[in-house]
Structure formats: C-alpha cells, structure tokens
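[1] after the sequence you'll find the predicted model.
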Amino acid sequence: MIPGSFEYHRPSSVADAVALIAKFGDEGRILAGGHSLVPMMKLRLATPQHLVDLGGIGDLKGVSVQGADIVIGAMTTQHEIIGSDVLAGKVPILRETALQIADPQVRYCGTIGGNIANGDPGNDMPAVMMCLGASYDVRGVGGARSISARDFYEGAYFTALEPGEIVTAIRVPAPAPGHGHAYEKLKRKIGDYATAAAAVVLTMGGGKVATCSIGLTNVAERPLWAEEASKILVGSALDAATVKKAVAAAEAITAPASDNRGPAAYRAKVAGVMVARALARARQRATA
Ligand SMILES: Cc1cc2nc3c(=O)[nH]c(=O)nc-3n(C[C@H](O)[C@H](O)[C@H](O)COP(=O)(O)OP(=O)(O)OC[C@H]3O[C@@H](n4cnc5c(N)ncnc54)[C@H](O)[C@@H]3O)c2cc1C
C-alpha cells in the first residue's frame, strides 16, 4: 500500500529536531531508519502528517567510551554496531544480537535508537538493554533526562517517552572483563522476529555465579527482565537443578500471545529453552 501524504523535515541539530517535534505534537513522528515506521505507514497503521528525519544530525551517530559507560548514538545503525571494535571488545552481546536482527538490508538502515524506542516487543535490543542495565539519554523541550531501560517499556508500543521527547543515546555500563554473554533467539527463518529469545550476561568467581542478568524478547506485551530467575542462579555452579529452577522462574513471568509463531504455552516453553541455552553458552565464554 501507499502511505498517506506527509511533509518531510530534515533538521541538522537535536535542538531543531526537538523544536519541530514539539511544534507538530500528535501530527509529527520521528523518522530514524524507517524500517519499522515506514511499513506501518504503508499499512496506514501510522499516518503522521510530518516526518522529522534524524538522519542529518551527525551528533547522534557513533560509539564512544565515557568513563565506565559505552555510549551509542541513537542513529548508529545495526550494521555499525556489528562493525564496532569498541563494542566487540567491551559489550560483545550487542554484536551477537545485531547479527540476529532481520537481514543485512534492514541492518544497513535500521538504527539502535529506532529499535529501542519503537516499543515493539519483537524488537531484539530492548531485552538486551534491560539485561545489561542500560539507560537511555532523552531530550525534549523541557531539557534532558535519563531513563533506565528496565523502566522504559510500559506495553506494546507504549514507552516512558513523553510526547516530543527524542532518544539521543544509549548508555551501557561495560560488563566486567571476563564476563560471559549470549543472545539465543529461536526464529522460524532468517529475517524473522523471535518466537522467543533470551539474553544472558554473567560473571563467575571460584566456579560459582557471581552476577547474572537475564532479559527476554517477544514473550509478553513488552520486553522482560527476569530478575527472580537471575537471583536464583547467583551463588550456584549452574548445576542442573538450579538452572531448572531459574528456567521455571523465567517462564513464569512470560505471557506470550498465541500467534503464527505458535501457541502461548509453546512460546513460554521456548523462552525457557532459550534461557537454558544462553546460560550454558555464557558460562562457556566466562573466563573469570
Ligand atoms: C523485514 C524486517 C525484519 C525485521 N526483523 C527484525 C528483527 O528480527 N528484530 C528486530 O529487533 N527488528 C526487526 N526489524 C525492525 C528493524 O530492526 C527496525 O529497523 C527497527 O525496529 C527500528 O529502527 P529504525 O531506525 O528503522 O526506526 P524507525 O522505523 O524510523 O522508527 C521506529 C519508531 O521509533 C521512533 N523513533 C526512532 N528513533 C527514535 C529516537 N531516536 N527517539 C525517539 N523515537 C524514535 C519512530 O518515531 C517510530 O515510532 C525488522 C524490520 C523489517 C523490515
């Protein structure tokens, strides 16, 4: 289908983008890579009168290290995440996740900011950001603020962003050197959203789990942080009985829809299987 008509704006600074989006109110929409928004516009599920394209704002691109944080500009593409040496060295789960998003064509245009701000529970990066304890730098006409990824997602396509606010960057606390990580995603075919997926970041000490964090993708109206499951594993040697308990705790917080990816009960079970696989792989990779 053909989208409804709209006016296109291409500001060259964040301040101008914020002013435009505030001026247009409900009739305006931010455009990043366009790989979620434009399909919605073609289906007329979104009919913005004004598109404010962030593509001309150089400040919103790139990866930098700021103290203990890795800061990723919102307009950094998924392709650029895959190619970043800084991320490969310090937060390799982001590269692993980006490689499982869609296909190269989508990843050349799709941005990290669009992926985390979209609010689609099928997006892969939000659960990973919750797992990592990341926060989002946000700017609106009222000024700048930071929102924890774990507080950001309120429901399908509902986030903690106030009208007129733009995500400018994602701030990831670098996991400890020697940490183990894994993003396990079951999908029906290349380019598909997850039937269920799990992100794990853990550290080991003396053969036991010292810290652990687990995120879940596409098994509820919003991405999930499996806090209880993570707590169960801390202090264990990841023995089969404890992993089983943690998997059950992770499955218990899911509430997937029955859809063309399978019935709800199946998708909840797949979430558990993804958690178990991600734990095993993260354990293999942990060196401390
Ligand atoms: C065939 C196909 C398969 C896909 N498969 C997957 C997949 O497996 N996993 C996955 O995670 N994604 C998948 N996607 C979605 C893709 O990753 C999108 O690129 C991503 O969801 C949105 O990023 P974008 O830059 O394209 O944002 P856009 O589509 O431009 O924007 C998406 C939404 O976020 C808002 N927005 C964008 N940037 C900002 C910002 N900085 N601040 C505030 N709001 C903002 C927009 O207003 C819009 O509402 C797929 C897309 C396609 C077309």
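    Yep, that arrived.
[2] the helix or strand containing residue 201: which residues count as buried?
    Element membership of residue 201 [criterion: DSSP states H and E] is strand 196-205. With burial defined by 16 or more other C-beta atoms under 10 Å, the residues of strand 196-205 counted as buried are 196, 197, 198, 199, 200, 201, 202, 203, 204. Glycine gets a C-beta too; all of them are placed from N, C-alpha and C.
[3] same question for stretch 92-102.
    For stretch 92-102, using 16+ other C-beta under 10 Å, the buried residues are 92, 93, 94, 95, 96, 97, 98, 100, 101, 102.
[4] what subset of these is also close to the ligand?
    101, 102 (C-beta under 6 Å from any ligand atom).
[5] redo the buried residues of stretch 92-102 as a markdown table? Include secondary structure and pLDDT.
    As requested, the buried residues of stretch 92-102 are exported to a markdown table (DSSP: H, G, I helix; E, B strand; the rest coil; pLDDT from 0 to 100):
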| residue | secondary structure | pLDDT |
| --- | --- | --- |
| 92 | helix | 98 |
| 93 | helix | 98 |
| 94 | helix | 98 |
| 95 | helix | 98 |
| 96 | helix | 98 |
| 97 | helix | 98 |
| 98 | helix | 98 |
| 100 | coil | 97 |
| 101 | coil | 97 |
| 102 | coil | 95 |
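[6] follow-up on the earlier one: just the buried residues of strand 196-205 now: which is nearest residue 65?
    For the buried residues of strand 196-205, the residue nearest residue 65 by C-beta to C-beta is residue 201; the value is 18.0 Å.
[7] which residues does the closest one contact?
    Going by C-beta atoms under 8 Å, 6 or more residues apart in numbering, residue 201 touches 93, 131, 132, 175, 179, 180, 181, 212, 213, 282.
[8] ok, and the most crowded of the residues you listed?
    The most crowded member of the contacts of residue 201, judged by other C-beta atoms under 10 Å, is residue 131 (31 neighbours).
[9] contacts for the helix or strand hosting it, please.
    Per DSSP H and E, residue 131 falls inside helix 125-132. Here helix 125-132 makes contact (C-beta under 8 Å, 6+ apart) with 91, 93-94, 97-98, 101, 112, 115-116, 136, 149-150, 152-153, 170, 172-173, 175, 183, 197-201, 213-217, 222-225.
[10] average model confidence for it?
    If you average the pLDDT over helix 125-132, you get 98.
[11] now do stretch 33-47
    Average pLDDT, stretch 33-47: 95.
[12] repeat for stretch 224-241
    For stretch 224-241, the per-residue pLDDT values average out at 98.
[13] please identify the buried residues of it?
    For stretch 224-241, burial by neighbour count (16+ other C-beta under 10 Å) applies to 224, 225, 226, 229, 230, 232, 233, 234, 236, 238.
[14] identify the residues contacting the residue lying closest to residue 155 once chain neighbours are set aside.
    In space, and not counting its chain neighbours, residue 155 is closest to residue 221: 5.0 Å by C-beta to C-beta, 6 or more residues apart in numbering. Listed by C-beta under 8 Å, 6+ apart, the contact set of residue 221 reads 121, 155, 156, 255.
[15] whichever of those end up buried, select them in ChimeraX.
    Remark: buried members of the contacts of residue 221, expressed as a ChimeraX selection using 16+ other C-beta under 10 Å:
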select :121
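[16] kindly reformat the contacts of residue 221 as JSON lines containing pLDDT, secondary structure and distance to the ligand.
    Shown next, in JSON lines, are these (pLDDT from 0 to 100; DSSP: H, G, I helix; E, B strand; the rest coil; distance: C-beta to the nearest ligand atom, whole Å):
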{"residue": "121", "pLDDT": "96", "secondary structure": "coil", "distance to the ligand": "10"}
{"residue": "155", "pLDDT": "96", "secondary structure": "strand", "distance to the ligand": "14"}
{"residue": "156", "pLDDT": "96", "secondary structure": "coil", "distance to the ligand": "12"}
{"residue": "255", "pLDDT": "98", "secondary structure": "coil", "distance to the ligand": "20"}
